[in-house]
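Trainee: Make a model of this:
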Amino acid sequence: MKKRLLYITAAVASFISSLAGFAQAPVLGTAGDFVLFTTVGAVTNTGISQLTGNVGSNSGSSTNFGNVNGVMHDGDGASAQAAADLLLAYNQLNSAIPMFFPAPLLGNGATFTPGVYSIGAPSVLSGELILDAQGNSGAVFIFQINGTFSTNQASKIRVINGAQACNVFWKVEGAVSMASETFMRGTIVAHNGAIGMNVNDTLEGRALSIAGAVAIDGVLAYTPPGCGKIQLTGPIAPNLGTAGCYAIFSGNGSVVNSGVSNITGDVGTNVGLTGGFDPLLVKGTIHPIPDGSTAAAANDLLVAYNYLNTLPHDIELLYPAQFGRNLVLTPHTYLMNGAADFKDSLYLNAEGNANAVFVIKLKGALSTSTFSKVLLINGAQAINVYWVVDGAVGINDYSNFNGTIVCNNGAINLATGVAINGRALTTGGALSSTASINVQSPFGDCRPLPVSWLYFRGKPVQKNVLLEWATANEINNGFFTIEKSINGRAFEKLVTVSTIKVIGSTEQNYSFTDSYPNSNGYYRISQTDKDGQTNIYKTIQVKLGGQQALSIRQYVVGNYIYVQATGAIPGNGSIELFSIDGKKMSTQRIVLTKETSLYKIKAPGQKGMYLVNVLDANNKLYTGKTMVQ
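Mentor: Numbers count the residues shown, from 1 in each chain. Below you'll find the model as predicted:
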């Protein structure tokens, strides 16, 4: 009997222990789109802060903010919905059952595992607090603080073993105050208390208050990635056509260089003369006078400009005179209604999506300071960056610029030592380089592809996955790289396969067997040419034991979006439609089949870019962009 009682006691203890590690994230709703928000109170900024996410108050004003990588919402429909959603999230956090009761002094090297933590008094973060997910990327940490919460200078939240800031929540019954140089992670929900952040603080998360002012001073704050956040793709890139062959071009105006300048790409004008370029330093064609190529480029450039000019913007940068200043932008279409004075650096963050597109539209001139920089981070590529300028462009001495400049009826001046990884194109206006510039065009449609892809597919073979692909017309091909992923977003290298040493139009077949596949895995293949240029072909999904030749395409006709799917694993599924800023527009249930099936969903009434997701019962099968005209 005593032994049986011991077994029961141990089982109960084990059950309680398992509960201690279990916590459920609240549903933030639209409040999750905000990096700074209060239901009642002012939201203010001092100094230059870098913010990614919406900012606003439902009963107050947002003042003294510079350019924000998000939308400002004060007392509008979006802020009202965020206030309602925030209250629901607070109630969920408040009602979570705590199983850990740490001392009010947090940090000093302590490590916490997932669960709900309750602190019955004002709390302070000092030194480093480590949050260990123990290999579970979905693990949730909830801190219920019954009083104020403050941090000491240079204190830090560190996440390890799969822990994510998007799964960390701080419910505070009172004011929140962060000392300078704090690195905070997680969503802060202050109940009837103000939130204050100081110089050089970093917040990977959100600062949200039920009732209380939010004040920041020279901070970096951004909504956290992960936890089902939709990967940003940006708009559909323009088709530059033959204008993509040019590194430097004017549709109507002289193109003149002085000094020693290295150019990769064609150079020319369709009206006027081109001069001053050393043929030995130009890897491309110099068109000294207008010809058939310049005429085609002028026409194609105008088409590309018209597309970019009418492209609806997602985010307006409200202070073009304060552009740059270490601002961080993510894949979107941005608008500045005025001339931009670009100083210091601009960061373009692709958030791990190498195909993400950035479009920056200026209704006015663009000028930069000396030594200005456009910096590409987290997979961003210059070939996917476009600057649309209605006015003159002046890139000052020793600046490093990334992207294609499409200037409309304005002169372009590239000063001494300027380096452009992209193109300088104007529909009409003189283009001059004063001395020793370096322009490297990504060639776009001009350069022939190193290979012509025929297919890339995968199928289960017993407990393995057989990957097969075929090409034709291999030119300058170096090797293939196959990567694998468990979620279709974060990929790791699986294998590198050398090209078959045959050049020409012959079909060339390749294969590789993954002996350690995921039960539901993704594979991505890319090709690298002998010059080091890498091109990603496509991503496929392979499920062990199921039909794998999944093919999905979508298009718009009239007032409907059509989605065609072939080769799906039979079962229930759904089609989701999102706006480009991540707002769900609609969900339609469907039945997936192996055979070709066509689904029709109502298109939104508003023109613009939308995301279409196709899902089965458990997984996302496809994400694509569509334009509703």
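
Trainee: Check for me that residue 554 belongs to a helix.
Mentor: No - counting by DSSP: H, G, I helix; E, B strand; the rest coil, residue 554 falls outside a helix, being strand.

Trainee: let's number from 373 now, not from 1
Mentor: In the new numbering, first residue 373, that becomes residue 926.

Trainee: Would you check that it makes contact with residue 949?
Mentor: No - checked against Cβ atoms under 8 Å, the pair residue 926 and residue 949 is beyond contact range at 10.3 Å. Heads up, the C-betas are built off the backbone N, CA and C, glycines and all.

Trainee: who has more neighbours, the two?
Mentor: Higher neighbour count among residue 926 and residue 949: residue 949, with 22 against 18, using other Cβ atoms under 10 Å.

Trainee: For this protein, which segments count as helices?
Mentor: 374-392, 449-467, 664-682 (DSSP state H).

Trainee: Give the rounded mean pLDDT of the first one.
Mentor: Just to be clear, that refers to helix 374-392. Regarding helix 374-392, the rounded mean pLDDT is 40.

Trainee: Flag the shaky bits of the stretch 523-672 of the chain, pLDDT-wise.
Mentor: Counting by pLDDT under 70, the stretch 523-672 of the chain contains no low-confidence range.

Trainee: next one: the chain
Mentor: Judged by pLDDT under 70, the stretches of the chain that qualify are 373-393, 807, 815-821, 861, 874-877, 903, 905, 917-922, 990-991.

Trainee: care to break it down by domain?
Mentor: Structurally, the chain divides into domains by automatic domain parsing as follows: 392-594, 613-818, 824-915, 923-1000.

Trainee: who touches both of residue 926 and residue 949?
Mentor: 933, 984 (Cβ atoms under 8 Å, 6 or more residues apart in numbering).

Trainee: count of neighbours near the nearest residue to residue 743 once chain neighbours are set aside?
Mentor: Counting by Cβ to Cβ, 6 or more residues apart in numbering, residue 770 is the residue found nearest to residue 743 once chain neighbours are left out, at 5.1 Å. Using other Cβ under 10 Å, residue 770 has 15 other residues around it.

Trainee: isn't residue 770 right up against residue 808?
Mentor: No - no contact is recorded between residue 770 and residue 808 when judged using Cβ under 8 Å, the distance being 9.9 Å.

Trainee: Reformat the domains of the chain as a markdown table; add distance to residue 603.
Mentor: Shown next, in a markdown table, are these (distance: least, Cβ to Cβ, whole Å):
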| stretch | distance to residue 603 |
| --- | --- |
| domain 392-594 | 14 |
| domain 613-818 | 6 |
| domain 824-915 | 6 |
| domain 923-1000 | 7 |
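
Trainee: Would you mind telling me which of the ones you listed is nearest residue 602?
Mentor: domain 923-1000 (4.9 Å; Cβ to Cβ).

Trainee: Distance from the chain centre to that closest one, please.
Mentor: 21 Å (Cα atoms, centre = their mean, to the nearest Å).

Trainee: likewise stretch 672-680?
Mentor: Using Cα atoms, centre = their mean, the offset of stretch 672-680 from its chain centre is 25 Å.

Trainee: hey, C-alpha coordinates of that stretch in PDB?
Mentor: In PDB, the C-alpha atoms belonging to stretch 672-680 read as follows (Å, rounded to 0.1, in the frame of the first residue of the first chain):
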ATOM      1  CA  ASP A 672      11.000  50.000 -71.600                       C
ATOM      2  CA  LEU A 673      12.300  52.400 -68.900                       C
ATOM      3  CA  LEU A 674       9.200  54.500 -69.300                       C
ATOM      4  CA  VAL A 675       7.000  51.400 -69.000                       C
ATOM      5  CA  ALA A 676       8.800  50.400 -65.800                       C
ATOM      6  CA  TYR A 677       8.500  53.900 -64.400                       C
ATOM      7  CA  ASN A 678       4.800  54.100 -65.000                       C
ATOM      8  CA  TYR A 679       4.400  50.700 -63.200                       C
ATOM      9  CA  LEU A 680       6.400  51.900 -60.200                       C
END
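
Trainee: in it, what's buried?
Mentor: For stretch 672-680, the neighbour count (16 or more other Cβ atoms under 10 Å) marks 672, 673, 674, 676, 677, 679, 680 as buried.

Trainee: The last one is in contact with residue 610, isn't it?
Mentor: Yes - in this structure residue 680 lies within contact range of residue 610 using Cβ under 8 Å: 5.4 Å.

Trainee: Now list whatever residues contact both of these two.
Mentor: What both residue 680 and residue 610 touch, as defined by Cβ under 8 Å, 6+ apart, is the set 758, 778.

Trainee: For residue 770 and residue 808, list the residues in contact with both.
Mentor: The contact sets of residue 770 and residue 808 overlap at 788, 789 (Cβ under 8 Å, 6+ apart).

Trainee: Surely residue 850 and residue 900 touch.
Mentor: Yes - Residue 850 is within contact range of residue 900, at 4.9 Å (criterion: Cβ under 8 Å).

Trainee: Endpoints of stretch 394-407, how far apart?
Mentor: 26 Å (Cα to Cα, to the nearest Å).

Trainee: oh, I was asking about stretch 510-525
Mentor: Per Cα to Cα, stretch 510-525 runs 30 Å from first to last residue.

Trainee: Now do that stretch: distance to the chain's middle.
Mentor: Remark: stretch 510-525 is offset 28 Å from the chain centroid, using Cα atoms, centre = their mean.

Trainee: Tell me the buried residues in that stretch?
Mentor: 511, 512, 513, 514, 515, 516, 517, 520, 521, 522, 523, 524.

Trainee: For beta bridges, what are the partners of the fourth one?
Mentor: Read it as residue 514. With DSSP bridges as the criterion, residue 514 is bridged to residue 488, residue 541.

Trainee: Only the buried residues of stretch 552-572, if you could.
Mentor: In stretch 552-572, counting by 16+ other Cβ under 10 Å, buried: 552-563, 565-570, 572.

Trainee: ok, now stretch 953-969?
Mentor: 953, 962, 964, 965.

Trainee: Do me a favour and get the end-to-end distance for it?
Mentor: Taking Cα to Cα as the measure, stretch 953-969 stretches 29 Å from start to finish.

Trainee: nearest to residue 606, of the domains of the chain?
Mentor: Across the domains of the chain, closest to residue 606 is domain 613-818 (Cβ to Cβ), at 3.3 Å.

Trainee: Just give the nearest non-adjacent residue to residue 676, would you?
Mentor: Excluding its sequence neighbours, the residue lying closest to residue 676 (Cβ to Cβ, 6+ apart) is residue 610, at 4.2 Å.

Trainee: What is the burial count for the one you found?
Mentor: The burial count for residue 610: 24, using other Cβ under 10 Å.
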